[in-house]
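**Q** Below are the sequence and a predicted model; questions follow.
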Amino acid sequence: MAARLTANAIARVNGGNLDLKPVVQMLDLKRVPGAQERYRAVVSDGSAVQQALLAAQLNEVAKSGEVGNGSVVQLLEYVCSTVKNRRIIIILNMKILIRDSETIGNPRLPPEIVSDNPDMSISSSTGHSRDESLNHTSSSVQTTKLVSNSVLKAGNKAQSFSITTQSFYQPPPNYKSHGAIMKNEAPARIIPIAALNPYQGRWTIKARVTAKGDIRRYNNARGDGKVFSFDLLDSDGGEIRATCFNAVVDRFYEAVEVGKVYLLSKGNLKPAQKNFNHLNHQWEIFLEAATSLELCPDEDSSIPTQQFNFKKITEIENAENNSVVDIIGIVTSIHPSVTILRKNGMETQRRILNLKDVSCLTVELTLWGDFCNREGRQLQEKLDAGLFPVLAVKAGKVSDFSGKSVGTISSTQLFIDPCLPETCILREWFDGGGKNAASHSISRDMMPGHPLNECRKTVLQIKDEGLGRGNKPDWVTVKASISYIKTDNFCYTACPLQIGDRQCNKKVTKLANGNWCCDRCAKEFEECDYRYLLQLQIQDHTGGTWVTAFQESGEEIVGFSAKELYQIKYLDHNDSRFGDVVRQCLFEQYLFRLKIKEEHYGEEQQVKITVVKADKVNPSRESKYLLDLIQKLSS
């Protein structure tokens, strides 16, 4: 079967063309001596030849004999590196076109390839041998010269030839613990981040630091340590994370600045840990003692300052829990900062705001730690001045706790009114009427003063339509009044400690010493928290049903915190006042935002209805809603 090799493939690959996918022939394939299984090859485009190395994932193909001397293959994925001042093609993926073929064209072997492959032979179509009488006792230098000259003289002659050389192998010197070694000062070629892989020798990338994490302390079986990471972006849009540990942290932490461009080389490439690394690169650079990080004096304008992959709020609604996303929207409202006690006993700040985009959906964004004071205060000042700023979030973490929300993590970056095309689109839409457009939230809570999702249902419709029995919960709004409140066990004692982004809230028990204990956190503390667990019966003109209201919605209904109501009933023993508080909640009309989901209790299935938010009916707004509904039905 005839095969056509890609003309000038070797030169084009050496020139950096990684999209060529050339067809080449393997003139020689053998295993490299050593403990690690590696296969070296010599590939030809019919004229020029080049040394190549098979990536580890192709070892089995070479070992099984699926590919060998004479095979014609198409290189699907590859990179070209310089190893010991020689160009090497690293073959990452290939397609075998012909298992075995005669030598195609007139490949010319440079002396260094012949000397590196002493057992290599090239045969042509006639099968006759030539030069078998070479003196095998001659020196390796003479043999190499003779072989090179024989190949060069062959030219376009049709006669066949077979060349065998013999050289004497001398192992490389052992430099370990023998003092300094002269470095190879030849500059390494700058390659794209997308082409980085562990099979390369010397490499250098030129990239801008787009994010820098804080130093984190850890403790494991090997002892205490510290680590920090920073993200790099190059002119081709490739991104990769660089990580430093322990002594390397001390060397590079102060040197790395966000926004600056660096030349980075001599790092160790390892698989990216996707639990902590959201970048779209399968490898991660681990900096070492020999790593070189050089600041570029010129601010390379070809490298962008940041790269976004924005998701719309409609996409956030279907995003996986704990996934990391970029999002942009108009800040419509913001809550004050509150102090939260974390699981480790340390306090931190939390601040919640709402983002709205052109889909007329809103999502809750939770700011943690320093974000509350830095960007949080700037956003608050703009809102107080009557401005509605655009906020771009780089690397926010999705949560699906009682609806979808987004929270900041250590690698998150916030950009207020960034100079982006998306900013202009949002501003034009918002100022042109989007500000007053009705919207609903995909999150657990909504900010005060914003209209709710107007997917109205009656109590009877919840039952007749079988809401909550699908794979996902149903979210509806019901206008109803409270007809009954169970006053026994209206709240429970909860753990106040912080686990990740949220409070533990698990039920705690009181110990003999007066302290409280949480089995989940395995800690004791003097004061517990009190959280609502209200069982309510709500009723409209079609019937009634039982619902459960937890902390936030319970406070909206009762008007007191769970701790305050517990104080009235059990510590002050003021049953009269407690009764008054409960009675004032009855027969008030509310717009209940409900989450309806079927849950399993042992072998039984039961539809559970949870109150996510409860707003007292505003007569003016409700009248407008009804008039709009009448007009819609009429048309």
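**A** Yep, that arrived. Numbers count the residues shown, from 1 in each chain.

**Q** helix/strand/coil for the closest residue to residue 355 other than its chain neighbours?
**A** Of all residues not flanking residue 355 in the chain, residue 329 sits nearest, at 3.3 Å (C-beta to C-beta, 6 or more residues apart in numbering). For every residue, glycine as well, the C-beta is placed using N, CA and C. At residue 329 the chain is in strand, as set by DSSP: H, G, I helix; E, B strand; the rest coil.

**Q** which residues sit in contact with the residue most central in space within the chain?
**A** Geometric centre of the chain, nearest residue: residue 278, 1.7 Å, by C-alpha atoms, centre = their mean. Going by C-beta atoms under 8 Å, 6 or more residues apart in numbering, residue 278 touches 324, 395, 411.

**Q** host element of it?
**A** Using DSSP states H and E, residue 278 sits in no helix or strand.

**Q** 33 is where my numbering starts, stick with that
**A** Noted, 33 is the first residue going forward, which turns the last one into residue 310.

**Q** Residue 296 and residue 237 touch, don't they?
**A** Yes: contact criterion C-beta atoms under 8 Å: residue 296 and residue 237 qualify, at 5.3 Å.

**Q** and residue 587, that one's in a strand?
**A** No: judged by three-state DSSP, residue 587 forms no part of a strand; its state is helix.

**Q** surely it meets residue 594?
**A** Yes: using C-beta under 8 Å, residue 587 makes contact with residue 594 at a distance of 7.5 Å.

**Q** what is in contact with the two at once?
**A** residue 564.

**Q** Same drill for the two, tell me which one is more crowded.
**A** A side-by-side neighbour count of residue 587 and residue 594, using other C-beta atoms under 10 Å, places residue 594 first with 23 against 19.

**Q** Next up, the contacts around the more buried one.
**A** With contact taken as C-beta under 8 Å, 6+ apart, residue 594 is in contact with 522-523, 562-564, 583, 586-587.

**Q** Which parts of the stretch 183-332 of the chain are strands?
**A** 236-244, 248-252, 255-265, 271-277, 293-297, 300-303, 315-318, 324-327 (DSSP state E, counting those that start in this stretch).

**Q** Which strands or helices does the third one pack on?
**A** Strand 255-265 sits against strand 236-244, strand 248-252, strand 271-277, helix 279-284, with contacts defined as 3 or more C-beta pairs under 8 Å, 6 or more residues apart in numbering; DSSP states H and E.

**Q** got CSV for these, with mean neighbour count and mean pLDDT too?
**A** CSV is the format used below for the helices and strands packed on strand 255-265 (neighbours: other C-beta atoms under 10 Å; pLDDT from 0 to 100):
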stretch, mean neighbour count, mean pLDDT
strand 236-244, 20, 91
strand 248-252, 9, 84
strand 271-277, 21, 93
helix 279-284, 14, 92
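
**Q** among those, which is nearest residue 550?
**A** With C-beta to C-beta as the measure, strand 248-252 is the member of those nearest residue 550 (21.9 Å).

**Q** angle of the closest one against strand 255-265?
**A** 140 degrees (axes from the mean of the first three to the mean of the last three C-alpha atoms, to 10 degrees).

**Q** Pull the residues that contact strand 248-252.
**A** Under C-beta under 8 Å, 6+ apart, the answer for strand 248-252 is 256-260, 442.

**Q** For the residues you listed, which single residue is the most surrounded?
**A** For the contacts of strand 248-252, neighbours were counted using other C-beta under 10 Å, and residue 260 has the most, 19 neighbours in all.

**Q** Now do stretch 55-69: distance to the chain's middle.
**A** Relative to the chain's own centre, stretch 55-69 is displaced by 36 Å; criterion: C-alpha atoms, centre = their mean, to the nearest Å.

**Q** Tell me what residue 422 is bridged to.
**A** Beta-bridge pairing of residue 422 under DSSP bridges involves residue 362.

**Q** burial of it, as a residue count?
**A** Per other C-beta under 10 Å, the neighbour tally for residue 422 reads 22.

**Q** One more: the one 3 residues further on?
**A** The criterion is other C-beta under 10 Å. On that basis, residue 425 has 24 neighbouring residues.

**Q** Same question for residue 550.
**A** Using other C-beta under 10 Å, the number of residues around residue 550 comes to 22.

**Q** phi, psi of the residue lying closest to it once chain neighbours are set aside?
**A** Distance criterion C-beta to C-beta, 6+ apart; nearest residue to residue 550, sequence neighbours excluded, is residue 527 at 3.9 Å. Torsion angles at residue 527 (phi, psi; degrees, to the nearest 10) stand at phi -70, psi 130.

**Q** Residue 527 and residue 561, how far apart?
**A** To residue 561, residue 527 is 7 Å away according to C-beta to C-beta, to the nearest Å.

**Q** Find residues that contact each of those two.
**A** With C-beta under 8 Å, 6+ apart as the test, residue 527 and residue 561 both reach 535, 537.

**Q** all strands for the stretch 333-482 of the chain, in order.
**A** 342-343, 356-366, 370-373, 379-388, 393-400, 422-431, 437-439, 445-448, 472-473.

**Q** Give me the contacts around the third one.
**A** Strand 370-373 has contacts (C-beta under 8 Å, 6+ apart) with 379-383, 528-530, 535.

**Q** Could you rerun that using 7 Å?
**A** 379-382, 528-530, 535 (C-beta atoms under 7 Å, 6 or more residues apart in numbering).
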